[in-house]
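**Q** This is a predicted model, with the sequence first.
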Amino acid sequence: MLETLISTMLFFTVCFTLLPIQYHLFLEKKIIHEETAVIYFLSEELHKALLYQPDEMKYIYHDVISTPITIEYTSTPPLLKGCVTWINAKQTKQTKCLHGKSI
C-alpha cells in the first residue's frame, strides 16, 4: 500500500515537473524558428528594396509565418534600414532590424 502511494506520488511529481518544461522548450523552439524565417524574409525584401526603391515605407505580409508581419523602411542616405515587427508564440511583440547600403 505504501509503495503504491509513493510510486503514484513520484509519477505525478515527475509529470507535473516535466510537462511544463517540455512545453516551454517547445515554445522557445517555435520562437527561434519564427525569428529565423522572419529575418531571412526581411533580408530578401531589403535586397529588393535596395535594388528598386520602395514606393511605400510600410508593408504587411500574412504568408510568412502564422501571424502577420510588418516591414518598415527608413532611409538615411546612404543606408536603408528595414525593421520587421510581429507577435511571437508567447504573444509578445518582437522587432528586429537590418541595415543595407546600395552599391
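**A** Perfect, I can see it now.

**Q** can we go C-alpha only for contacts and neighbour counts from here?
**A** OK.

**Q** can you tell me how far residue 7 sits from residue 56?
**A** 64 Å (Cα to Cα, to the nearest Å).

**Q** Look at those two and report which has more neighbours.
**A** Legend: neighbour count by other Cα atoms under 10 Å for residue 7 and residue 56, higher for residue 7 (11 against 8).

**Q** which helices and strands sit right next to the host helix or strand of the more buried one?
**A** Using DSSP states H and E, residue 7 maps to helix 2-51. Identification of packing neighbours for helix 2-51 by 3 or more Cα pairs under 8 Å, 6 or more residues apart in numbering; DSSP states H and E yields strand 79-87, strand 93-101.

**Q** quick one: that helix to chain centroid distance?
**A** 12 Å (Cα atoms, centre = their mean, to the nearest Å).

**Q** Convert whichever helix or strand comes after that helix to PDB, retaining C-alpha atoms only.
**A** Using DSSP H and E, the helix or strand that follows helix 2-51 towards the C-terminus is strand 58-61. C-alpha atoms of strand 58-61 as PDB (Å, rounded to 0.1, in the frame of the first residue of the first chain):
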ATOM      1  CA  LYS A  58       5.400  50.100 -44.700                       C
ATOM      2  CA  TYR A  59       4.300  46.600 -45.800                       C
ATOM      3  CA  ILE A  60       2.200  43.900 -44.100                       C
ATOM      4  CA  TYR A  61       2.700  40.300 -45.100                       C
END
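
**Q** Thank you kindly, that will do.
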